[in-house]
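Trainee: Turn this into a model:
(2 chains)
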Amino acid sequence: KAGVTQTPRYLIKTRGQQVTLSCSPISGHRSVSWYQQTPGQGLQFLFEYFSETQRNKGNFPGRFSGRQFSNSRSEMNVSTLELGDSALYLCASSSGTGYGYTFGSGTRLTVV
Amino acid sequence: AQTVTQSQPEMSVQEAETVTLSCTYDTSESDYYLFWYKQPPSRQMILVIRQEAYKQQNATENRFSVNFQKAAKSFSLKISDSQLGDAAMYFCAYRRVITQGGSEKLVFGKGTKLTVNP
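Mentor: Just a heads-up that it's a prediction; the model follows:
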């Protein structure tokens, strides 16, 4: 059974640009959550999608957005990148009950 | 808001010995889930063990066990017979029980870096 796949693994962007990260959940999982991990703030919840609908959103500016497709794959987008957006972005999928989450290996975003 | 505190930024243990990682949390809820995740250098968060708050029995997964003290809001992880492969960041996480149609996020502690010495 394939795990959660995140692409790309690494990304370097320039301040002011935008970026799109992708997450393919475990087959059959309808919930996809995104987390930002930084040394200073730790792991912070960005948002969660379930059956193409955003169910929950963390305390992040509107520059952070996401969507989920009918096949449960999800993308998150960050516009007008800032240096502080440099982080590891982790995606997690679950069946929807929330009892267990399976994480991907993350996308390391560096903003220069 | 719920918070999770891991008071040990770093811990070390000798191979084959036992180590306990601490975690406390703050919540007004009576039912919830608690998790320990392991994050090796590969960056993937791996679920180590989980505990449902309504279950009094402490969860156990092979060499990993927890000491869940609900009244004290404490959830420590014990690793027995430590192995080199156990070296990683360990995160304690909390989540409320999902209500129908609802969604709840994981709230993480800051993590404990575990070093295993040969």
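Trainee: going forward, measure contacts between C-alpha atoms and count neighbours the same way
Mentor: Will do.
Trainee: Now for the closest residue to B:Glu29 other than its chain neighbours: which residues touch it?
Mentor: Excluding its sequence neighbours, the residue lying closest to B:Glu29 (CA to CA, 6 or more residues apart in numbering or on different chains) is B:Arg96, at 7.5 Å. When contacts are counted by CA atoms under 8 Å, 6 or more residues apart in numbering or on different chains, B:Arg96 touches B:29, B:31-33, B:104-105.
Trainee: Please produce TSV containing the residues you listed, extended by secondary structure and pLDDT.
Mentor: Output for the contacts of B:Arg96, formatted as TSV (DSSP: H, G, I helix; E, B strand; the rest coil; pLDDT from 0 to 100):
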residue	secondary structure	pLDDT
B:Glu29	coil	87
B:Asp31	coil	85
B:Tyr32	strand	89
B:Tyr33	strand	91
B:Glu104	coil	74
B:Lys105	coil	85
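Trainee: Which strand residues bridge the spatially most central residue of chain A?
Mentor: Nearest to the mean C-alpha position of chain A, by CA atoms, centre = their mean, lies A:Trp34 at 3.5 Å. Beta bridges link A:Trp34 to A:Phe47, A:Cys91, judged by DSSP bridges.
Trainee: per-residue confidence at it?
Mentor: Here the pLDDT value assigned to A:Trp34 is 97.
Trainee: wait, isn't it in contact with A:Ala92?
Mentor: Yes. Using CA atoms under 8 Å, A:Trp34 is in contact with A:Ala92, at 6.4 Å.
Trainee: tell me which helix or strand of the chain sits lowest on mean pLDDT?
Mentor: No chain in the question, so chain A it is. Within chain A, no helix or strand scores below strand A:53-57, which has a mean of 89 by mean pLDDT, DSSP states H and E.
Trainee: looking at chain B here, not the other one
Mentor: For chain B, judged by mean pLDDT, DSSP H and E, that is strand B:60-61, with a mean of 90.
Trainee: helices or strands up against that strand?
Mentor: For strand B:60-61, the packing partners by 3 or more CA pairs under 8 Å, 6 or more residues apart in numbering or on different chains; DSSP states H and E come out as strand B:46-52.
Trainee: show me where chain B has strands.
Mentor: Assigned by DSSP state E, chain B shows strands spanning B:3-5, B:10-14, B:19-21, B:24-26, B:32-39, B:46-52, B:60-61, B:64-69, B:74-79, B:88-96, B:107-108, B:112-117.
Trainee: Just tell me which of those ends up closest to A:Phe64.
Mentor: Of all the strands of chain B, the one in closest proximity to A:Phe64, counting by CA to CA, is strand B:107-108 (19.2 Å).
Trainee: and the residue in chain A that chain B sits nearest to, what element?
Mentor: Residue of chain A nearest chain B, by CA to the nearest CA: A:Ser105 (4.1 Å). Using DSSP states H and E, A:Ser105 sits within no helix or strand.
Trainee: Does it touch B:Ile46 like I think?
Mentor: No. A:Ser105 lies out of contact with B:Ile46 (CA under 8 Å); the separation is 9.7 Å.
Trainee: With neighbour numbers in mind, choose between the two.
Mentor: A:Ser105 (23 against 18; other CA atoms under 10 Å in any protein chain shown).
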